[in-house]
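In: need a structure here:
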Amino acid sequence: MERNVLLAIVLAIAVLILFQYLQVKLFSPPPPSLNQTFNQTQPISSKADHLEAFSPNLGKKENIPQKQEFLAKNIFIQTPLYQSTLTTVGGRFTEFKLHHYRRERKNPNPVNLVHSNFYPFEVYLASDPGLALSSFAYEGKEKLELKEKDTERIVFKVQRKGLEIAKIFQFKGDSYYLDLTVEITNTKEEPIKDRLLLRGIFSPFVKGSDIVFKGPFYYTDHLVEVKLSDTLTEYVGPLKYLGVMDVYFLIGVIPAEASNYRATFRKLRSEDEFILWTPEFSLKGGEKKTFTFKLYLGPKRSEDLGKEYPKLAKALYFGYFDIIAKPLLWLLKKFHQFIPNYGVAIIFVTILLRILFFPLNQMSFKSMKKMQELQPVIQRLREKYKDDHATLQKEIMNLYRTHKINPLSGCLPILIQIPVFFAFYKVLLMAIELRHAPFILWITDLSAPERLYLGSFIIPWLGGIPLLTILMGISMFIQQKLTPTSMDPVQEKVMLLLPIFFTFLFVNFPSGLVLYWFVNNLLSIGQQILTLKLQKR
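Out: All right, here's what the predicted structure looks like:
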């Protein structure tokens with residue numbers, strides 16, 4: 001019984017990790033059925049035609065016409081959180097660099113959320129895709145420097161095909177949020193009907209785990225991660241927000257109006273694209289229509305995401321065990337406020353979890369000890385009823401009832417801790433607070449595998465020595481030797497392979513997760529030694 005449950009636990013862990021990897025790498029669900037979405041106000045004859053018609057220069061490096069290039073002017077914005085550049089060609093961002101986040105631990109260059117070939121937040125009309133690359137007029141300072149409480153507006157205007165279009169950005173010195181307002185005025189006498197489109201392009205901003213989702217998403221009453229294939233994916237209906245993300249950073253668009261929207265998503269060469277279609281609008285001569293959006297360009301950090309629009313914090317999603325992961329992340333942050341080292345914070349959270357699980361672990365240890373003491377009796381029953389399996393099981397269960405033993409209680413604490421393990425696993429993969437966070441000595445990044453480098457000594461496929469992982473495997477071996485067992489000697493020797501298996505399994509896990517498991521093993525060893533001493537008194 002005990003052997004089978006432990007083997008099942010090990011296999012479950014391995015299968016779940018493999019499943020997450022394969023799910024992201026190999027499997028993409030089919031696009032949502034348009035029959036299940038809200039009625040569209042304009043039919044689409046062909047998805048391919050629709051995208052080519054309304055997405056200029058898709059998948060190609062943009063070549064701005066010479067005249068527009070000559071007229072182009074750059075506006076620079078500096079805040080305590082980021083520096084960005086806007087161009088008058090389309091009124092678009094050409095860079096958005098975050099001051100407090102480096103591309104790599106040893107690389108001082110800041111993270112840039114704008115792709116060098118594709119500029120986000122270009123707007124155009126369904127009837128006029130060329131508006132996206134029009135040369136907008138701009139008057140004012142070419143360099144804005146905002147302090148923490150400052151706000152500044154930048155206004156771009158263009159006259160085009162009988163319409164006056166204004167694109168207005170409002171920047172805030174203390175937020176990764178900015179406001180975008182688009183005003184469309186019909187200067188003709190004839191009425192018009194049209195749609196406004198807002199487009200964004202994505203490629204991963206920084207390196208991150210391959211088993212964590214990267215790409216476009218949208219939020220209705222829950223978060224939907226759009227796993228793109230070669231076909232167009234589309235959603236039509238009520239929409240709270242949409243955008244693109246990688247492991248640590250996010251670009252989001254939040255419409256102000258609570259209306260039905262159309263959102264289209266498409267994979268280009270190495271980038272993903274989203275387009276937000278507003279509801280259709282009508283303008284008589286002289287009338288004006290205003291669209292307002294909140295934009296977010298920044299880290300996937302709950303405090304920043306939820307600052308102006310709390311629902312955006314739900315884009316930080318840790319998967320199946322999100323309900324456990326977020327309290328664990330909150331605990332880590334609380335401990336970090338008092339001890340500014342996330343490795344130490346992980347140790348304190350592990351101790352707290354061990355205290356919470358102490359009664360269950362104690363019950364498990366005592367139950368396994370009683371089962372070990374009953375092994376001679378069980379062995380005699382097996383010899384007596386070796387040809388009558390049903391009677392053997394009945395006699396063993398009667399023996400357990402007589403001695404008030406639950407045969408599953410020995411494995412119950414392990415089963416309960418598996419969700420905690422996976423929740424911590426996702427936190428340590430995704431929490432931006434742990435990105436590039438050092439612990440001690442050779443452990444310089446708790447979100448990456450640890451390696452100890454000794455001069456020119458190199459281990460093939462690994463590089464340095466995974467010392468903490470090896471110590472974790474040794475601690476697991478000691479823990480297993482101290483744990484009472486009801487197995488026969490052959491089964492017990494087979495189970496001693498578990499520490500080796502876990503050592504290989506953990507070798508490329510984040511060092512923070514290895515640290516958690518290592519400290520948890522040490523606390524378990526201490527609890528077992530203490531319990532054995534108390535029983536001998």
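In: Which phi and psi values does residue 83 adopt?
Out: When quoted as degrees, to the nearest 10, the phi and psi of residue 83 stand at phi -130, psi 140.
In: check contacts around it.
Out: When the contact criterion is CB atoms under 8 Å, 6 or more residues apart in numbering, the partners of residue 83 are 76-77, 95, 97, 99. Any C-beta I mention is one placed from the backbone N, CA and C, and that applies to glycine too.
In: make it 10 Å
Out: For residue 83, the set of contacting residues under the criterion of CB atoms under 10 Å, 6 or more residues apart in numbering consists of 76-77, 95-99, 110, 112, 145.
In: For it, list each beta-bridge partner.
Out: Residue 83 has these beta-bridge partners by DSSP bridges: residue 78, residue 97.
In: ok, now the one 4 residues further on?
Out: On the basis of DSSP bridges, residue 87 is bridged to residue 74, residue 92.
In: Quick check: it touching residue 72?
Out: Yes. Under the contact definition of CB atoms under 10 Å, residue 87 touches residue 72, with a separation of 5.5 Å.
In: Quick check: mean pLDDT of stretch 286-298?
Out: For stretch 286-298, the mean pLDDT works out to 93.
In: Can you flag the buried ones in the contacts of residue 83?
Out: Buried positions within the contacts of residue 83, assessed by neighbour count (16 or more other CB atoms under 10 Å), are 77, 95-98, 110, 112.
In: can I get the residues you listed in JSON lines with distance to residue 419 and pLDDT?
Out: Formatted as JSON lines, the buried ones among the contacts of residue 83 follow (distance: CB to CB, whole Å; pLDDT from 0 to 100):
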{"residue": "77", "distance to residue 419": "44", "pLDDT": "94"}
{"residue": "95", "distance to residue 419": "41", "pLDDT": "90"}
{"residue": "96", "distance to residue 419": "37", "pLDDT": "93"}
{"residue": "97", "distance to residue 419": "38", "pLDDT": "93"}
{"residue": "98", "distance to residue 419": "33", "pLDDT": "94"}
{"residue": "110", "distance to residue 419": "36", "pLDDT": "92"}
{"residue": "112", "distance to residue 419": "37", "pLDDT": "91"}
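In: can you pull the buried residues of stretch 507-527?
Out: Neighbour-count burial for stretch 507-527 flags 507, 509-525, 527 (criterion: 16+ other CB under 10 Å).
In: How much space separates residue 376 from residue 383?
Out: 11 Å (CB to CB, to the nearest Å).
In: repeat for residue 463
Out: 54 Å.
In: who has more neighbours, the two?
Out: A direct count of neighbours by other CB atoms under 10 Å for residue 463 and residue 383 places residue 463 higher, at 13 against 9.
In: so what's the more buried one bridging to?
Out: According to DSSP bridges, the partner residues bridging residue 463 are residue 459.
In: So for it, what's the pLDDT?
Out: Confidence per residue is given as pLDDT, and for residue 463 that number is 79.
In: For it, give me its contacts.
Out: By CB under 10 Å, 6+ apart, the residues touching residue 463 are 449, 451-453, 457.
In: worst-scoring helix or strand of the chain, pLDDT-wise?
Out: Of all regular secondary-structure elements in the chain, judged by mean pLDDT, DSSP states H and E, the least confident is helix 47-54 with a mean of 37.
In: Which one's more surrounded, residue 87 and residue 72?
Out: Per other CB under 10 Å, whichever of residue 87 and residue 72 has more neighbours is residue 87, with 22 against 15.
In: tell me the pLDDT at the more buried one?
Out: According to the prediction, residue 87 has pLDDT 90.
In: Same question for residue 2.
Out: Among the per-residue scores, residue 2 shows a pLDDT of 45.
In: same deal with the one 4 residues further on?
Out: What the model reports for residue 6 is a pLDDT of 49.
In: quick one: contacts for the closest residue in space to residue 249 that isn't next to it in sequence?
Out: Leaving aside its sequence neighbours, residue 249 sits nearest to residue 205 (CB to CB, 6 or more residues apart in numbering; 4.6 Å). With contacts taken as CB under 10 Å, 6+ apart, residue 205 has the following neighbours: 96, 98, 101, 103, 111-115, 214, 244-251, 297, 299.
In: go on, residue 325?
Out: Residue 325 makes contacts with 316-319, 419-420, 422-428, 430-431, as judged by CB under 10 Å, 6+ apart.
In: The same query, at a cut-off of 6 Å, please.
Out: Contacts of residue 325 were listed using CB atoms under 6 Å, 6 or more residues apart in numbering, and they are 318, 423, 426-427.
In: Does it lie in a helix or a strand, and which?
Out: For residue 325, the element it lies in under DSSP states H and E is helix 322-338.
In: since we're on residue 197, how many residues are nearby?
Out: Based on other CB under 10 Å, the number of other residues close to residue 197 is 22.
In: Provide the secondary structure category for it.
Out: Three-state call for residue 197 (DSSP: H, G, I helix; E, B strand; the rest coil): strand.
In: and what of residue 221?
Out: In the three-state summary, residue 221 is assigned as coil, counting by three-state DSSP.
In: Tally up the residues packed near it, please.
Out: Counted by other CB under 10 Å, the residues lying close to residue 221 total 8.
In: quick one: it from residue 76, how far?
Out: The value you get for residue 221 to residue 76, if CB to CB is used, is 40 Å.
In: quick one: the nearest residue to residue 126 once chain neighbours are set aside and residue 426, what's the gap?
Out: Distances taken as CB to CB, 6+ apart put residue 195 closest to residue 126, at 4.2 Å, once the chain neighbours are dropped. Residue 195 sits 38 Å away from residue 426 when distances are taken as CB to CB.
In: ok, now residue 298?
Out: The spacing between residue 298 and residue 426, counted by CB to CB, is 21 Å.
In: What of residue 245?
Out: Spatial separation of residue 245 from residue 426 under the definition CB to CB is 15 Å.
In: same question, residue 436
Out: When distance is defined by CB to CB, residue 436 is 18 Å away from residue 426.
In: all helices for the protein, in order.
Out: Listed in chain order, the helices of the chain (DSSP state H) span 2-25, 47-54, 66-71, 302-305, 322-338, 342-356, 358-373, 375-384, 389-402, 412-430, 467-482, 489-495, 498-506, 511-536.
In: residues in contact with the fourth one?
Out: Among residues not part of helix 302-305, those counted as contacts by CB under 6 Å, 6+ apart are 176, 298, 312-313, 316.
In: One more: stretch 500-513?
Out: Residues outside stretch 500-513 that contact it (CB under 6 Å, 6+ apart) are 346, 425, 428, 434, 443, 446-447, 449-450, 466, 469, 473, 476, 514.
In: Among the contacts of residue 205, which lie within strands?
Out: Mapping the contacts of residue 205 onto strands (DSSP state E) picks out 96, 98, 101, 103, 111-112, 244-245, 249-251, 297, 299.
In: Nearest to residue 156 among those residues?
Out: Out of the ones in strands among the contacts of residue 205, the one with the shortest distance to residue 156 is residue 96. That distance is 16.8 Å, counting by CB to CB.
In: Now for the closest one: which residues touch it?
Out: With contacts defined as CB under 6 Å, 6+ apart, the neighbours of residue 96 are 84, 113-114, 297.
In: Would you mind putting those residues into a markdown table with distance to residue 151 alongside?
Out: As requested, the contacts of residue 96 are exported to a markdown table (distance: CB to CB, whole Å):
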| residue | distance to residue 151 |
| --- | --- |
| 84 | 15 |
| 113 | 21 |
| 114 | 22 |
| 297 | 16 |
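In: where does the closest residue to residue 243 other than its chain neighbours land on pLDDT?
Out: Excluding its sequence neighbours, the residue lying closest to residue 243 (CB to CB, 6+ apart) is residue 252, at 3.6 Å. Among the per-residue scores, residue 252 shows a pLDDT of 92.
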